[in-house]
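> sharing a model that was predicted from the sequence below.
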Amino acid sequence: MIEAKQRTVADIAAMFAAEDPAFNYFHAELFSCNPPEPQKFSEFISALRIKRGAFPNSHPATVIVGNLAACVPLQSKQVMAVIEGQLRIFSQLSELKLPECEYLAVISPIDKTDAGTSYGRGIESINFLRSLIALGFGKLPFYTWVADFDFDAKGVLALPGELIRMPMYGDLFRIVDVALTNEITERLAAQQVDYRNRLQRACTFFDLALDQKDEAFRFSSYWIALEIIVGGKSDAIRSKLSAAYGQKNKSFANENLFFKEIERIRNDLIHKGAFGMLTSYQERLMQLYFWDIVIHQIGLKPRRLALLLARSGLGSVLNRDSI
């Protein structure tokens, strides 16, 4: 189900419907397409034959290559802000004029009902198809992401709204302590170059986590920051975190700071490729682990930041951020 010929989205919808009439709504991801020999790439795509059963989830996807600038005439942007004490989300829709050039779109059916739209299987199939094409051409056929769009069986386009996670329990836990922040910065100014460089590298990944929309990658970025700052892996983090509380027994972090749970998320992700969700509580814990350890490393008295969160009562809603 792969074509290099330029088609309208209505043509693509008809192609999927011919295979299964239940396919009547679709998701597409649009990319710049920069293979060094475009003709060979088009011939390669045209020659491929991938049956529905070859997809790991038995759900189909297809690729089209061509001037697809007209497929996305609009763009949307959501901004969250506090106005007069109320949290609001503003949406802005504006015209989008993409350059007239070659694009690559990966398209898969998705499930749309009155209750909402489920992208799960469609996104999985798109991920597989991009990975398969990368075997031969690497990243160049989809070098930069351009836009996502949805369309129905008649080719009517829709722009999926940007995903915004509303602030939850853990996000609301604050450490409003200007004196502590000033102490940290003053002590950091006296640190050796090696430590300052290590902290900088760790903060680069901490910063990536703050902006990362994909929760698995967000978790991974926080975890990498922790590994950098302690100079080791899981057990080193556990030991350094416990030491930050004056505890020689590294099990302290497991028993009091939920570290075993965070470590389990890491093991499931790295070794099994399994990831459920990162709750706001777990994310806030990882942020406070980091600064508990830094505070200990630069010789300040412990502030027990992660323990404050663990004892705040927010732990009773752990893994129930959707309530």
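Sure, I can see it.
> give me the phi and psi for Ala147.
Note on Ala147: backbone dihedrals following degrees, to the nearest 10 are phi -170, psi 160.
> same thing with Trp291?
Backbone torsions of Trp291, given as degrees, to the nearest 10, read phi -80, psi -30.
> measure how buried it is and give me the count.
For Trp291, the count of nearby residues is 19 (other CB atoms under 10 Å). Every C-beta, even on glycine, is put in place using the N, C-alpha and C of the backbone.
> once you drop chain neighbours, what's closest to it?
Beyond its immediate neighbours in the sequence, the residue positioned closest to Trp291 (CB to CB, 6 or more residues apart in numbering) is Leu305, lying 5.9 Å away.
> check Asp235 too.
Per CB to CB, 6+ apart, closest to Asp235 is Lys250, 7.3 Å.
> please enumerate the helices of this protein.
All helices of the chain, identified by DSSP state H, fall at 9-19, 38-47, 120-137, 178-188, 193-211, 215-230, 234-243, 251-257, 259-272, 280-297, 305-310.
> pLDDT below threshold where in the stretch 151-300 of the chain?
Within the stretch 151-300 of the chain, the segments meeting pLDDT under 70 span 159-165.
> just put the helices of the chain in TSV and tack on distance to Asp148.
Output for the helices of the chain, formatted as TSV (distance: least, CB to CB, whole Å):
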stretch	distance to Asp148
helix 9-19	13
helix 38-47	21
helix 120-137	10
helix 178-188	39
helix 193-211	18
helix 215-230	17
helix 234-243	35
helix 251-257	38
helix 259-272	24
helix 280-297	25
helix 305-310	35
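> most tightly surrounded among those helices?
Mean neighbour count, computed with mean count of other CB atoms under 10 Å, is highest for helix 280-297 among those, reaching a mean of 22.
> what's that one packed up against?
Using 3 or more CB pairs under 8 Å, 6 or more residues apart in numbering; DSSP states H and E as the contact definition, the elements that helix 280-297 packs against are helix 178-188, helix 193-211, helix 215-230, helix 234-243, helix 259-272, helix 305-310.
> what's in contact with stretch 187-201?
For stretch 187-201, contacts defined as CB atoms under 8 Å, 6 or more residues apart in numbering pick out Ile228, Ile229, Gly231, Val294, Gln297, Ile298, Gly299, Leu300.
> kindly indicate which of those lies nearest Leu135.
Leu135 has its nearest neighbour among the contacts of stretch 187-201 in Ile228, at 31.8 Å by CB to CB.
> show me what contacts that closest one?
Contacts for Ile228 were tallied using CB under 8 Å, 6+ apart; they are Arg198, Arg201, Ala202, Phe205.
> kindly provide the distance from the residue nearest to Trp291 to Trp223.
Here Leu305 is placed at a distance of 18 Å from Trp223 (CB to CB, to the nearest Å).
> strands along the stretch 51-200 of the chain, start to end?
With DSSP state E, counting those that start in this stretch as the definition, the stretch 51-200 of the chain shows strands at residue ranges 62-67, 74-83, 86-95, 102-109, 111-113, 116-118, 145-152, 157-158.
> mind checking pLDDT for Phe16?
Phe16 is assigned a predicted lDDT (pLDDT) of 83.
> surely it meets Phe23?
Yes. Using CB atoms under 8 Å, Phe16 is in contact with Phe23, at 4.1 Å.
> joint contacts of the two?
Both Phe16 and Phe23 are in contact with Pro109, where contact means CB under 8 Å, 6+ apart.
> ok so, going back, could you dump the contacts of Ile228 into CSV and include distance to Val156?
Formatted as CSV, the entries for the contacts of Ile228 read as follows, by distance: CB to CB, whole Å:
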residue, distance to Val156
Arg198, 53
Arg201, 48
Ala202, 48
Phe205, 42
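> out of these, which is nearest to Glu124?
Glu124 has its nearest neighbour among the contacts of Ile228 in Phe205, at 26.7 Å by CB to CB.
> good, wrapping up.
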